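Sequence and predicted structure below; questions after.
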Amino acid sequence: MKIFECLLCGDEFFSDSFKYNVIYNDAAYEVQAKYKKKGLDQVAIASDDIIEENEADLVTVVDLVDNHQLSEINLGKKDFMGYVKTFLAAITAKLEAKGKTDRVPEFKKGATELVKFIVSKYDEFQIYTGKSGSWEGSLAFSYTKNQEDPGPTFLFFKDALMEVKC
């Protein structure tokens, strides 16, 4: 199994158990999450009536948020633009420090496309920090891509995350 962790703060954001694609010139991950009833796997299965009664008492959560202990934050568009400017500069510096200077132009191009997309639909997004609550590391951006999807779609800056094998 692979876990995707933030290069800057070490927080886990998702694992390869989620369906994901690489988009925007290889600069972003698009990850499909699902809604689930928290604790449903612990419900005693004695009869259909008990299951329905117990399900009504369960809280619906997003599996990716719950599994990786993400916390939703409120971030205005102006604050987002300030965050992303500093954040992308930090990721660019990390790439250069690792000798990946050839990656920087493509990262900047794809990251700019991702930022433009997020800003264009900003009111539709929910934003999350990792477990530590650090605003200096990666953030997760979720929105409803298609109404028929089983849950929200999350976007991450790919170059800000490292794959850790477990």
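It's in. Numbering: from 1, shown residues only.

rest of the way, CA atoms for contacts and neighbours
Noted.

Any figure for the gap between the closest residue in space to C6 that isn't next to it in sequence and Y35?
Nearest residue to C6 in three dimensions, chain neighbours excluded: L161, at 4.5 Å (Cα to Cα, 6 or more residues apart in numbering). Computed as Cα to Cα, to the nearest Å, the L161 to Y35 distance reads 24 Å.

worst-scoring helix or strand of this structure, pLDDT-wise?
Least confident element among the helices and strands of the chain, by mean pLDDT, DSSP states H and E: helix 48-57 (a mean of 56).

which element follows that one toward the C-terminus?
As assigned by DSSP states H and E, the chain's next helix or strand after helix 48-57 is strand 60-62.

Return the distance of that next one from the chain's centre.
15 Å (Cα atoms, centre = their mean, to the nearest Å).

which residues sit against that strand?
Residues outside strand 60-62 that contact it (Cα atoms under 8 Å, 6 or more residues apart in numbering) are A33, K34, Y35, K36, K37, K38, G151, P152.
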